[in-house]
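**Q** What shape does this take:
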Amino acid sequence: MMSSSSSPAAPSSSTAFTPLQLAWLGTGAMGLPMAQRLCAAGHRVHVWNRTTARAEPLREAGAVLHTQAADAVRAADVVVGMLENGPVVQDVLFGAAEAAAHMRPGTLWIDMASIAPDEARAHTERLARLGIHALDAPVSGGTVGAEAGTLSIMVGGSAEDFARATPIFSALGRATRVGPAGSGQLAKVANQMIVGTTIGAVAEALLLCARGGADMAQVRQALLGGFADSRILTLHGERMVQRDFARRARMQVQLKDMRNALHTADALDCQLPITALVEQLYADAIAHGLGDLDHSALFLELARRNGMA
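**A** So this is what the prediction gives:
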């Protein structure tokens, strides 16, 4: 649950605030706190999740829960999806859930899941034929950023639709429009390439120092503030030192994102040898039973290879 210090400020009577009629699809580890923030911001939020019980905390926040996605989106001006992956988004929009068929022409669809750029473009084109506008708007910042409203939001789509989505984005974090449809997912692919590769580099560096007799905790401390400093060294490096791999961002999701990067690179005839190597390391880690841990648990796979597990 969010602390009161991180909740969005309630609209004041002097502010020209118009609550939006929203539908929110997907209340997993990221979707739940994001939807809570939109409720706290004063928007009228209708919610659907495959497992309704997982959305129950939103009822207390003022949301209306639905057992069918079609019912949640029917009267919405804006529909936001925070679903697991591209095939799930496809199924919810155009498959069994039939969400797109029940959206009104002129509705704005915002996909905040991390999916392949070509999937995002295909969804946008298909929705346009129904008169529905679309933005791809994946996020970075994890559950901590989702709860605090400090997510980085990478947005692909038209400038007009981006402006229309500003009241939503402002409750969730900092949004940047990076180009036309699919560009938000391209930026997220880049983000995940950097995150995944840097986790591997930090893990290898700390293991090397430990093998050589240095204190990993003190090495990490010494590197902070220098050219090697990063959010990964600060946060994930601390998790490695403490061997605290409780899930914040799941290893399996990181692998999905690395594979999205390689899939996109193949389509663009772009070679990514470093990403390919790191993708294999994550695949090996999952094969060795680490898939449900935090993605920083790549450290354990590298430690295993060195007899340091």
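**Q** Gln242: neighbouring residues, count only.
**A** Using other C-beta atoms under 10 Å, Gln242 has 10 neighbouring residues. Placement of C-beta: from N, CA and C, glycine included.
**Q** what's the spacing between it and Met103?
**A** 46 Å (C-beta to C-beta, to the nearest Å).
**Q** before we move on, what about Asp294?
**A** 36 Å.
**Q** Looking at the two, which has the bigger crowd around it?
**A** Comparing Asp294 with Met103 by neighbour count (other C-beta under 10 Å), the higher total belongs to Met103, at 26 against 21.
**Q** From what I see, the more buried one and Asp77 are in contact.
**A** No - using C-beta atoms under 8 Å, Met103 is not in contact with Asp77, being 9.9 Å away.
**Q** Which helix or strand contains Trp24?
**A** strand 21-25 (DSSP states H and E).
**Q** Could you do Ala134 as well?
**A** Counting by DSSP H and E, Ala134 is part of strand 133-136.
**Q** Show me the longest helix that occurs in the chain.
**A** The longest helix of the chain (DSSP state H) is helix 183-211.
**Q** how far out from the middle of the chain is that one?
**A** 16 Å (C-alpha atoms, centre = their mean, to the nearest Å).
**Q** Can you tell me how far Cys39 is from Ala72?
**A** Distance from Cys39 to Ala72, by C-beta to C-beta: 14 Å.
**Q** who's more crowded, the two?
**A** Ala72 (26 against 23).
**Q** Pull the distance from the strand holding Trp24 to the chain's centre.
**A** In this view, strand 21-25 has its centroid 17 Å away from the chain centroid, taken as C-alpha atoms, centre = their mean.
**Q** partners of it, with directions?
**A** strand 44-48 (parallel), strand 78-81 (parallel) (DSSP bridges).
**Q** thinking again about what came up before, which other residues reach the next helix or strand after the strand holding Ala134?
**A** Next along the chain after strand 133-136, taking DSSP H and E as the criterion, comes strand 139-140. Outside strand 139-140, the residues within contact range by C-beta atoms under 8 Å, 6 or more residues apart in numbering are 30, 112, 145-146, 151-154, 172-173, 188, 191, 195.
**Q** now do 7 Å
**A** Here strand 139-140 makes contact (C-beta atoms under 7 Å, 6 or more residues apart in numbering) with Met112, Leu151, Ser152, Ile153, Gly173, Asn191.
**Q** what pairs with it, and is each one parallel or antiparallel?
**A** Using DSSP bridges, the strands paired with strand 139-140 are strand 151-156 (antiparallel).
**Q** mean confidence score for the partner strand?
**A** Confidence for strand 151-156, expressed as mean pLDDT, is 98.
**Q** Now it - C-alpha only, PDB.
**A** Extracted in PDB, the C-alpha atoms of strand 151-156 (Å, rounded to 0.1, in the frame of the first residue of the first chain):
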ATOM      1  CA  LEU A 151       7.900   6.000 -12.800                       C
ATOM      2  CA  SER A 152       9.800   6.900 -16.000                       C
ATOM      3  CA  ILE A 153       7.200   6.600 -18.800                       C
ATOM      4  CA  MET A 154       8.300   6.200 -22.400                       C
ATOM      5  CA  VAL A 155       5.500   7.100 -24.800                       C
ATOM      6  CA  GLY A 156       5.000   6.300 -28.500                       C
END
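**Q** After that strand, which helix or strand is next?
**A** helix 159-164.
**Q** Report the beta-bridge partners for the residue most central in space within the chain.
**A** The structure's the chain has its C-alpha centroid closest to Val139; by C-alpha atoms, centre = their mean the separation is 4.3 Å. Assessed by DSSP bridges, Val139 has beta-bridge partners Ile153.
**Q** From Ala76, how far off is the most far-flung residue of the chain relative to its centre?
**A** Relative to the centre of the chain, the most outlying C-alpha is that of Gly213, 37.7 Å out, by C-alpha atoms, centre = their mean. As for Gly213, its distance to Ala76 is 60 Å (criterion: C-beta to C-beta).
**Q** Same check on Arg59?
**A** If you go by C-beta to C-beta, the gap between Arg59 and Ala76 works out to 18 Å.
**Q** ok, Ala63 touching Cys39?
**A** Yes - contact criterion C-beta atoms under 7 Å: Ala63 and Cys39 qualify, at 5.4 Å.
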